[in-house]
Structure formats: structure tokens, C-alpha cells
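> Sequence plus predicted model, see below.
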Amino acid sequence: MERFAERGVEFEGGVEEPFEAVILATGFRPGLERLLGEVAGVLDRDGRPVASGAELAPGLFLCGFLVSPTGMLREVGLEASRIAAQLAGHVVRPPAVAPLESL
């Protein structure tokens, strides 16, 4: 893979393929700078994602980058569920609370 294109991925040699989703299995050291360095506000100055389990840019979700004391597999499961809900158009939101003045 050379870079992300508007509707998919461009491979070495300039061949573009359309993709609805791209899953990056990057290992322990993600090396996301090469892939996402041009996307403003996604990576911190050390090249780490600024958030995990959320949409960081339109259509760009990252999962599994938060180190949790309760366990990585648990955290990845929670993040993946949130991402799936957002992708399905059913964003999980806290229940609405009535303003104090209406009570």
C-alpha cells in the first residue's frame, strides 16, 4: 500500500482499488505516520493516535491504541462496539436529562 486515495487505496505502481473499509494490523509499533501523517489532528507529535475507539477524521476510526489497566482485550471489545454502533448509525449516547429549570 502506498497511500489512501479518496475512495480506497493506492498501491505501489499507481494502481487504485476502491475499499469501503481498511483494517491495519500494524503490530506493537504502529508506524502510522507513513499512512496517516497527512491527516491533520489524528496523530500526536510522537506519531501516536490522539484517541482510540473514536472517529478521528471523517470515516477514520482507530481501535486498540489505549492501554488499559483492565486489559487490552476488554478495551478493544468496548472500543469495537462503540465503533460498530457509530458505523451502523446508532451512536450510543447517554440518556437526555431534563434541565433543572424545568423541574
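Thanks, I have the structure now.

> For the helix or strand of the chain with the lowest mean pLDDT, list every residue counted as buried.
Within the chain, judged by mean pLDDT, DSSP states H and E, the helix or strand with the poorest mean is helix 33-36; its value is a mean of 82. Applying a neighbour-count criterion of 16 or more other C-beta atoms under 10 Å, one finds 35-36 buried in helix 33-36. Yep, even glycine has a C-beta here, placed from its N, CA and C like the rest.

> top helix in the protein by residue count?
Determined from DSSP state H, the single longest helix within the chain is helix 72-87.

> quick one: buried residues of that helix?
Residues of helix 72-87 classed as buried: 75-76, 79, 82-83 (neighbour count, 16+ other C-beta under 10 Å).

> any idea which of the residues you listed is closest to Gly8?
Distances from those to Gly8 were compared by C-beta to C-beta; the smallest belongs to Ile83, at 19.5 Å.

> I'd say that closest one and Leu60 touch.
No - Ile83 sits out of contact with Leu60 when judged by C-beta atoms under 8 Å, with a separation of 10.7 Å.

> Low-confidence regions, this structure specifically.
Under the criterion pLDDT under 70, the flagged ranges of the chain are 25-30, 90-103.

> what about the strands in it?
Defined through DSSP state E, the strands belonging to the chain, from first to last, are 3-5, 8-10, 16-18, 54-57, 60-62.

> Mind giving me the packing neighbours of the last one?
Yep, that's strand 60-62 we're talking about. In this structure, strand 60-62 makes packing contacts with strand 54-57, helix 72-87, judged by 3 or more C-beta pairs under 8 Å, 6 or more residues apart in numbering; DSSP states H and E.

> among those, which is nearest Glu6?
Going through the helices and strands packed on strand 60-62 one by one, with C-beta to C-beta as the measure, strand 54-57 comes closest at 13.0 Å.
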